[in-house]
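# Sequence and predicted model, in that order:
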Amino acid sequence: MTLHVNGATYTASDRARLARQYDRVYSVMSDGEWRTLRDISSYTSSPEASVSARLRDARKDGNIVLRRRVPGGNGLHEYKLLTGAVAL
């Protein structure tokens, strides 16, 4: 896994913290199960906004991150990470 981060507020001093956060999110999601940002946040002890950013980073890393709306969830979405080892 390679962490591809960028953005106006990113500094090199953030890299180690973001890499650890990315590793936690990737580890939780690598089983290919559907989870909400809240679920992932709970497992990783990372804020939901950070989890969302790490899922975007996973896409930059060449992974597929699927998103689906939760029926009756008032705009709530679930996410699923597909790596080379996980099939649709």
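Now that the structure is in, tell me what you want to look at. Numbers count the residues shown, from 1 in each chain.
# Point me to the helix or strand that includes the residue nearest in space to the middle of the chain.
Central residue of the chain (Cα atoms, centre = their mean): residue 55, 2.6 Å from the mean position. Per DSSP states H and E, residue 55 falls inside helix 48-60.
# Show me what counts as buried in the helix or strand that that helix is followed by.
Downstream of helix 48-60, the first helix or strand assigned by DSSP H and E is strand 64-69. Buried positions in strand 64-69, judged by neighbour count with 16 or more other Cβ atoms under 10 Å: residue 65. Quick note: C-beta positions are derived from backbone N, CA and C, even for glycine.
# got a list of contacts for strand 64-69?
Identification of contacts with strand 64-69 by Cβ atoms under 8 Å, 6 or more residues apart in numbering yields 34, 55-56, 58-59, 75-82.
# go again using 10 Å as the cut-off
Here strand 64-69 makes contact (Cβ atoms under 10 Å, 6 or more residues apart in numbering) with 29, 32, 34, 54-59, 75-84, 86, 88.
# Please pick the buried ones from those.
Looks like the contacts of strand 64-69 have 29, 54-55, 57-58, 78-83 buried, using 16+ other Cβ under 10 Å.
# Lowest pLDDT pick from the residues you listed?
pLDDT across the buried ones among the contacts of strand 64-69 is lowest for residue 83, at 82.
# Can you give me every residue that contacts it?
Residue 83 neighbours (Cβ under 10 Å, 6+ apart): 1, 26, 29-32, 58, 61-64.
# Nearest to residue 19, out of those residues: which one, please.
residue 1 (8.9 Å; Cβ to Cβ).
# How is the residue lying closest to residue 29 once chain neighbours are set aside assigned, secondary-structure-wise?
Nearest non-adjacent residue to residue 29, counting by Cβ to Cβ, 6 or more residues apart in numbering: residue 81, 3.7 Å away. Using DSSP: H, G, I helix; E, B strand; the rest coil, the structure places residue 81 in strand.
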